[in-house]
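Colleague: Next comes the sequence, and after it the predicted model I'd like to discuss.
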Amino acid sequence: MAGNINEWWGYYMRTASFYWREETDEKGNTNKVKVRSCTPADMVCSDMAGLLYNEKASISAPGADDATAAWLDAWLNAVSWHDTAPLALKRMCASGTAAWALHIEGAAQVGTSSNLRVAPVRYDARSIIPLRWDGIGCSECAFTSRLWIRGERCTQIEVHRPNEETGNYEVLCAFFNADGEQFEPSGYLQALEALDTKQQRPTFQLIRLAEDNPYWDYSPMGVALFDKAIDALETVDMAFDSLGNDIFLGRKMLVLPESMLRRTDTGKLVAPQMDGRQFFLAAESNVYDGAPGIFEYNPSLRAEENRQMLATALQMLGKRIGFGSKAYALDSTGSITTAKEVASDNAEMMRTVRRHEHVIEPAVCRIVEAAANVSRTLGGAPLPDMTGAVSVVMGDSIMQDDDTLRDRDRADVAAGLLEPWRYMVRWQGYTEEDAKAATAAAGVGVPLDV
C-alpha cells in the first residue's frame, strides 16, 4: 500500500509530479513550472471530515451514574477529543486509513497510579503497520512517530498487541536515533518491557471509509476519499491553472518602438516602468515608420470559458467522491452553492456520509471505552466496566445554515406547528417569560425579525 499512500498524500499536499510541468524555452532550456492549485484534495477531505464529525457530535454513556458521566465529560475535554477527532478523520480521508492508539503515561509498575494519563494519539496511514488481522479487523498493530528527546530527534515504534498467555493487551516501545541505532531513553518503556493494560479488548482502533480496497484484499487499510477521482482532481487544477495563466498573460501591454525607449550605458533597453515612469513617456515623436508609435495589446481573458471549465470539473469531482454533482456547483456569480441549497437538493451526499458513519462510529465507541477501562484498571478511576456502555452520535450531516433554520421555523409558526414565543426565544433573544408576554399582548402571528 505504500505506493498508493504516497500517491494520495502527494495530491493532498500538492507535491505529486502532476503539479510540476516542464517547459522548454527558445534556447532549448528545460524549466519546471509549478501548476496552480485550488487544493481540491484538501477541500474534499475537509468537507467530508466536517460532515462526519462536527459541533453537533456527542459522546455519552446512557444509563451511567452521575460520577461516570462527569468523568467521561472531563476526559473528553482533557484530551480535546471534539477538536481533534475531525483532524483524524481528515487524515483518514487523505491517506486512506487513520488510527487512535492509547498513549499511557504515569503508570505504576504495581497497582494503580493517581498520576495516570491516558490520551488517544492519532496516526495516519503513513505511520500505521498492521501486524495481525483478518477479514473482521486488526488485532495487533504497530505505530511509528517522530519525537524529540532532550533535543534529539528520534523515531518511536509503539506496538499494541495481546499477551499470548493472559490475552491482556500490552504496549511495547522501541526508540531509534537519527542514525537508525536503537537506544533506551530513561523515563520510557525499555525495549524488553511491556505495559500490561489489563484489558482484553484492543487499545487502538483503525478507521477507514466504507470503500472497498482493490489494491490489497482483506486488508485493514482503506483507500483515500479521492482514490477514484484522481483524474477529476487533476482536471480541477488544470482548469484553475488555466484561469491563472490567462489572468497573468492577459495583462495589458504597450508596444513601443525602440526609438522611444532609453538605453543604459551598456546598451540595454529600459522600459518606462523600470525607470520609475508609470504613466508618461517623453519622446521626440509618437510616429514610427509613418504610423502611430504606441499600440495597446489587450488579450481576451476567456473568463466565461475558464469559469465553465472549472465548474464542470468541480461538479465531476463532487460526483466521484459521493457528494453528488451539486455540492461544488458554481452559481451565476462564480460562488460555490450554499449549504442551504446542498442540504435541500443533495440526498446523494447524505447517503454517502451515513454509509461512512456506520463504519467509523463503532471505532470511536471502542477507543473511548478502552480509555475508560484503562483509567479504571491502571489509574483507579471509580468507573464500572465501560465495554458497550458508550454511545456516539456523529456530526449532523444535514448542512443547514442559520438562515435555513430560521426560515423553517417561521414557516412552522405560520402553519401553526410552532408557538411564536419559541421562535422569539430561539432567534430574537427573548427570555421565555418575555416572549410569552409579548405574544399574548400582540396576538398570535408570524414573528418579525428585529
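Modeller: Great, that's in hand.

Colleague: mind showing which ranges of this structure have poor pLDDT?
Modeller: Low-confidence segments of the chain, defined by pLDDT under 70: 256-260, 272-295, 297, 331-345, 396-404, 442-450.

Colleague: Longest helix of it, counting residues only.
Modeller: helix 347-379 (DSSP state H).

Colleague: How about it, which residues are buried there?
Modeller: 348-350, 352-353, 356-357, 360-361, 363-379 (16 or more other CB atoms under 10 Å). Every C-beta, even on glycine, is put in place using the N, C-alpha and C of the backbone.

Colleague: what about the helices in the stretch 201-350 of the chain?
Modeller: 230-249, 303-320, 339-345, 347-379 (DSSP state H, counting those that start in this stretch).

Colleague: quick one: which of the ones you listed is nearest residue 98?
Modeller: helix 347-379 (9.5 Å; CB to CB).

Colleague: angle of the closest one against helix 303-320?
Modeller: Inter-element angle recorded for helix 347-379 and helix 303-320: 50 degrees (by axes from the mean of the first three to the mean of the last three CA atoms, to 10 degrees).

Colleague: ok, residues contacting the very next helix or strand once past helix 347-379?
Modeller: Sequence order places strand 391-393 as the next helix or strand after helix 347-379, per DSSP states H and E. Residues outside strand 391-393 that contact it (CB atoms under 8 Å, 6 or more residues apart in numbering): 56, 57, 58, 59, 60, 61, 62, 361, 364, 365, 368.

Colleague: Reformat these as CSV; add distance to residue 8.
Modeller: Supplementary listing: these in CSV, determined by distance: CB to CB, whole Å:
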residue, distance to residue 8
56, 28
57, 25
58, 31
59, 29
60, 34
61, 36
62, 38
361, 24
364, 23
365, 27
368, 28
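
Colleague: ok, how many other residues are close to residue 383?
Modeller: Neighbour count for residue 383, taken as other CB atoms under 10 Å: 21.

Colleague: mind checking the backbone torsions on it?
Modeller: Main-chain dihedrals, residue 383, degrees, to the nearest 10: phi -130, psi 150.

Colleague: of the contacts of strand 391-393, closest to residue 306?
Modeller: residue 56 (37.2 Å).

Colleague: a strand runs through that closest one, doesn't it?
Modeller: No: looking at residue 56 with DSSP: H, G, I helix; E, B strand; the rest coil, it is coil, so not inside a strand.

Colleague: Go ahead and confirm it touches residue 395.
Modeller: Yes: in this structure, residue 56 is within contact of residue 395 by CB atoms under 8 Å, at 5.2 Å.

Colleague: Which residue of those two possesses the greater neighbour count?
Modeller: Taking neighbours as other CB under 10 Å, residue 56 and residue 395 compare with residue 395 leading, 22 against 11.

Colleague: which residue sits closest to residue 430 in space, ignoring its chain neighbours?
Modeller: Using CB to CB, 6 or more residues apart in numbering and skipping the chain neighbours, the partner closest in space to residue 430 is residue 424 (4.3 Å).

Colleague: and what of residue 106?
Modeller: Nearest one to residue 106, counting by CB to CB, 6+ apart, is residue 115 at 3.8 Å.

Colleague: Near that neighbour, how many residues? Count them for me, please.
Modeller: 10.

Colleague: Specify the local secondary structure of it.
Modeller: Assignment for residue 115 (three-state DSSP): coil.

Colleague: distance of it from residue 376?
Modeller: 15 Å (CB to CB, to the nearest Å).

Colleague: Same question for residue 323.
Modeller: 42 Å.

Colleague: repeat for residue 383
Modeller: From residue 383 to residue 376 the distance is 4 Å (CB to CB).

Colleague: which stretch of helix or strand covers residue 121?
Modeller: Judged by DSSP H and E, residue 121 forms part of strand 117-124.

Colleague: what's the answer for residue 190, then?
Modeller: With DSSP H and E as the criterion, residue 190 is inside neither a helix nor a strand.

Colleague: Settle this for me: it is touching residue 175, isn't it.
Modeller: No: assessed by CB under 8 Å, residue 190 is found out of contact with residue 175, at 9.5 Å.

Colleague: what sits in contact with each of those two?
Modeller: residue 184.

Colleague: which of these two has more neighbours?
Modeller: residue 175 (20 against 13).

Colleague: Make sure residue 71 is indeed in a strand.
Modeller: No: under three-state DSSP, residue 71 sits outside any strand and is assigned helix.

Colleague: Show the contacting residues for it.
Modeller: Residue 71 neighbours (CB under 8 Å, 6+ apart): 372, 375, 381, 382, 383.

Colleague: how far away is the first one from residue 30?
Modeller: In this structure, residue 372 lies at 60 Å from residue 30, with CB to CB as the measure.

Colleague: want to throw the helices of the stretch 201-350 of the chain into CSV with distance to residue 150?
Modeller: Shown next, in CSV, are the helices of the stretch 201-350 of the chain (distance: least, CB to CB, whole Å):
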stretch, distance to residue 150
helix 230-249, 42
helix 303-320, 47
helix 339-345, 49
helix 347-379, 27
